[in-house]
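Asker: based on what follows, work out the 3D shape:
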Amino acid sequence: MKKSFIRTVIFLFILASIVGCAQTVTTLTEDSDIIEPAKISDTGYLLMAIDTSSTLQELHISGEASLKLTSKDLRQGTNYILLNVEAGNYTLDKIVISNFRVAEFNNEYWSFRIKPGAINYIGEVYAHNVGWFDKTPRFELVNNASMALEFMEDKFQNILQSRKIIYAGPGEDNFFSLVDNVSKKASQ
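Answerer: Now for the predicted structure:
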């Protein structure tokens, strides 16, 4: 009886580990549009920034696919992250700060929609310690659309020229549309 119980627990643990696995992803590093023409109707780019006072271990995003960013992309400072992902609804679920500290997010403020064929900017995850003794950061999702556009113009100009950039974070922002309209009028 005892052996079968232990085997069942081990089997369930392994099954939960396999089912609950998130795909580890890393930011794009080359300025090359990698969305295949056949997948343009169901794939888009996710653009976000992480501004943190310390290196974070993991960032988990759930939705059409379960995604996990590691400390490689979550270093101290401001880091932009550009990923190609399936179009659809996503939620930033949790950030692992250390082995013993996890910040979980469970409201629609941390939800976003990736539109196919576009660069979807969701904002900047701002994670800074509030006080000297408090080692758990305060988290905010801040819209710095002008900085995101500057980053794309500097690092991913080819992708930016072939894809429309839109704001997909909480609330509404017409900054990218305004810049696009001004650019079109200037080129006429």
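
Asker: any stretches of the protein with poor pLDDT?
Answerer: Low-confidence segments of the chain, defined by pLDDT under 70, span residues 1-21, 134.

Asker: ok, now with 50
Answerer: Confidence mapping of the chain against pLDDT under 50 gives the ranges 11-19.

Asker: any idea how far the host helix or strand of Asn181 is from the middle of the chain?
Answerer: With elements delineated by DSSP states H and E, Asn181 resides in helix 175-187, which encompasses its position. The gap between where helix 175-187 is centred and where its chain is centred comes out at 26 Å by CA atoms, centre = their mean, to the nearest Å.

Asker: what helix or strand is the most centrally placed residue in the chain on?
Answerer: Taking CA atoms, centre = their mean, the centroid of the chain lies closest to Met48, which sits 5.4 Å from it. Secondary structure assigned from DSSP H and E places Met48 in strand 43-52.

Asker: neighbouring strands - and their directions - for that strand?
Answerer: Strand 43-52 sits in its sheet next to strand 77-86 (antiparallel), strand 118-129 (parallel), going by DSSP bridges.

Asker: C-alpha coordinates for it, CSV please?
Answerer: Extracted as CSV, the C-alpha positions of strand 43-52 are listed here (Å, rounded to 0.1, in the frame of the first residue of the first chain):
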residue,chain,number,x,y,z
THR,A,43,2.3,35.3,-35.0
GLY,A,44,3.4,38.7,-33.7
TYR,A,45,6.2,40.4,-31.8
LEU,A,46,6.1,41.1,-28.1
LEU,A,47,8.1,44.1,-27.1
MET,A,48,8.6,45.0,-23.4
ALA,A,49,11.3,46.4,-21.2
ILE,A,50,12.5,45.4,-17.7
ASP,A,51,13.8,48.2,-15.5
THR,A,52,15.1,46.6,-12.3
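
Asker: Val142 and Ile122 touch, don't they?
Answerer: No - look at Val142 against Ile122 with CB atoms under 8 Å: they stay out of range, at 10.7 Å. In this view, the C-beta of every residue, glycine as well, is placed from N, C-alpha and C.

Asker: of these two, who's got more company?
Answerer: Between Val142 and Ile122, counted using other CB atoms under 10 Å, the more crowded position is Ile122 (25 against 12).

Asker: any idea how far Thr52 is from that one?
Answerer: Between Ile122 and Thr52 the computed distance is 16 Å (CB to CB, to the nearest Å).

Asker: from one end of stretch 56-67 to the other, what's the distance?
Answerer: Using CA to CA, to the nearest Å, the end-to-end distance of stretch 56-67 comes to 15 Å.

Asker: and that stretch, which residues are buried?
Answerer: Neighbour-count burial for stretch 56-67 flags Leu56, Glu58, Leu59, His60, Ile61, Ser62, Gly63, Glu64, Leu67 (criterion: 16 or more other CB atoms under 10 Å).
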